[in-house]
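>>> Okay, predicted coordinates and the sequence, questions at the end:
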Amino acid sequence: MKQSTVVGVWASLVAASVIEVGLFSLNKGSVDVDILIGLIASINAVITAMYSMDLRDESTAIKYLFLIPVLLVAVLIITLLLSFPVIS
């Protein structure tokens, strides 16, 4: 893996973390911000898996097999969020 790729992945993860902290500090306790932070964290997890586990170099079938648990977790999280009433 080229060093520029590693630095780019590291910079994107750092930038996403800074955005997450900034969003949380601006609007604490908002459900919309919590969902947005969860979405950014999920994207970070996919980026980390693609580059740390070298999934980007695998065949298409392996990439789709990786997405099955990700989609399952997304469905479970959405179900969990929708099962509790939002207190305003």
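Okay, I see it.

>>> Span of stretch 46-58 from start to end?
From its first residue to its last, stretch 46-58 covers 14 Å (CA to CA, to the nearest Å).

>>> Give me the residues contacting it.
Among residues not part of stretch 46-58, those counted as contacts by CB atoms under 8 Å, 6 or more residues apart in numbering are 1, 5, 6, 9, 12, 13, 62, 63, 66, 70. In short, each C-beta sits where N, CA and C put it, glycine included.

>>> hey, where'd the strands end up in this protein?
Here the chain has no strands by DSSP state E.

>>> give the contact list for the residue most central in space within it.
When CA atoms, centre = their mean is applied to the chain, the residue found nearest the centroid is residue 42 (1.4 Å). The contact partners of residue 42, by CB under 8 Å, 6+ apart, come to 70, 74.

>>> pLDDT score for residue 15?
Listed pLDDT for residue 15 reads 93.

>>> burial of it, as a residue count?
Using other CB atoms under 10 Å, residue 15 has 10 other residues around it.

>>> List the contacts of it.
Going by CB under 8 Å, 6+ apart, residue 15 touches no other residue.

>>> Could you report the pLDDT at residue 40?
89.

>>> and it, how many neighbours?
Neighbourhood size, residue 40 [other CB under 10 Å]: 15.

>>> Kindly report the same for residue 24.
Residues near residue 24, counting by other CB under 10 Å: 15.

>>> Mind checking which of the contacts of stretch 46-58 land in helices?
Under the assignment DSSP state H, the contacts of stretch 46-58 contribute 5, 6, 9, 12, 13, 62, 63, 66, 70 to helices.
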